[in-house]
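Enquirer: this one's structure only:
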């Protein structure tokens, strides 16, 4: 179901916020959808169930623009992405049903717990990778079966998170791709493709069972589309590989902060 909310002055901030999320989402991976739900609930005050469906719809332009830009630059691993997507589509439909069961408070707390858990997992895998890179640890090479298992697990988790929280499953997608030890630019590009496909199916599910505020979508996407285009351009000119571990730690810290805010908010 689609509806239009009445205009509020705070909506004028959304194109700016959307631009920042779109730019950094395409530069860091995942499309930035992880941040739309907190913005819509903590800043705009939208009901969590409406915020979930709306954030999914607002993520679509970032996914399309970012995926196309990264594909042109060879930053997408289609084989790995297909593995994540195959499990993620199933999870997206299951997650959409879960959203309708949870209360507003339960949805916020659940999102907060999930964010902190995934952030800790990302920090741990980054620490292990850093030890191996500096020669203080052994860089283990996963067998094919283990890689497939990891891809299916993280892909299903991403789909569930996409459908349940409307965050495009950014965190588990990134955590899974990092766990498979892909280079950072491949992680960024592939995650955007996975997020895009999961989001398309999740939007379809929420269109049937949820509510999408088209007014909020229009204000957010007014900036996010431009931000996504800008982000792909900036990433192509930057050398992010040298600061890969630091970027992971920063991303994990932001996830923890947002998770805590969601858990303590009324």
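Expert: Structure's in. What do you need? What you see is a predicted model, and the numbers here were worked out from it, not measured in a lab.
Enquirer: CA only for contacts and neighbour counts going forward, please
Expert: Noted.
Enquirer: show residues contacting the strand or helix carrying residue 25.
Expert: Assessed by DSSP states H and E, residue 25 sits inside helix 14-28. Applying C-alpha atoms under 8 Å, 6 or more residues apart in numbering, the contact partners of helix 14-28 are 31-33, 35, 62, 66, 188-189, 192, 216, 219-232, 234-235.
Enquirer: quick one: distance of it to the chain centre.
Expert: Here helix 14-28 is found 12 Å from its chain centre; the criterion is C-alpha atoms, centre = their mean, to the nearest Å.
Enquirer: check stretch 181-191 too.
Expert: Taking the mean of its C-alpha atoms, stretch 181-191 sits 14 Å from the chain's own mean (C-alpha atoms, centre = their mean).
Enquirer: this structure: helices as residue ranges?
Expert: Along the chain, the stretches classed as helices by DSSP state H are 14-28, 36-38, 48-72, 78-99, 104-133, 144-165, 170-179, 184-209, 214-237, 244-264.
Enquirer: in TSV: the ones you listed, plus distance to residue 2.
Expert: Converted to TSV, these look like this (distance: least, C-alpha to C-alpha, whole Å):
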stretch	distance to residue 2
helix 14-28	19
helix 36-38	17
helix 48-72	9
helix 78-99	16
helix 104-133	20
helix 144-165	17
helix 170-179	24
helix 184-209	7
helix 214-237	6
helix 244-264	25
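Enquirer: follow-up on the earlier one: would you mind checking the contacts of helix 14-28 for buried ones?
Expert: 31-33, 35, 62, 66, 188-189, 192, 216, 219-232, 235 (16 or more other C-alpha atoms under 10 Å).
Enquirer: buried ones in stretch 90-100?
Expert: Of all the residues in stretch 90-100, those buried under the rule 16+ other C-alpha under 10 Å are 90, 91, 92, 93, 94, 95, 96, 97, 98, 99.
Enquirer: coming back round to it: for the helices of the chain, give me a markdown table that also has distance to residue 3 and mean pLDDT.
Expert: Formatted as a markdown table, the helices of the chain follow (distance: least, C-alpha to C-alpha, whole Å; pLDDT from 0 to 100):
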| stretch | distance to residue 3 | mean pLDDT |
| --- | --- | --- |
| helix 14-28 | 18 | 84 |
| helix 36-38 | 18 | 82 |
| helix 48-72 | 10 | 83 |
| helix 78-99 | 18 | 83 |
| helix 104-133 | 19 | 76 |
| helix 144-165 | 19 | 77 |
| helix 170-179 | 26 | 75 |
| helix 184-209 | 11 | 79 |
| helix 214-237 | 6 | 84 |
| helix 244-264 | 25 | 76 |
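Enquirer: how about those helices, which one is nearest residue 6?
Expert: The closest of those to residue 6 is helix 214-237. By C-alpha to C-alpha, the value is 7.8 Å.
Enquirer: distance from that closest one to the middle of the chain?
Expert: Counting by C-alpha atoms, centre = their mean, helix 214-237 comes out at 14 Å from the chain centroid.
Enquirer: can you list contacts of it?
Expert: 2-7, 11-12, 14-27, 54-55, 57-59, 61-62, 65-66, 69-70, 73.
Enquirer: kindly recompute the last result at 6 Å.
Expert: Residues from elsewhere that reach helix 214-237 (C-alpha atoms under 6 Å, 6 or more residues apart in numbering): 3-5, 14-16, 18-19, 22-23, 26-27, 58, 61-62, 66.
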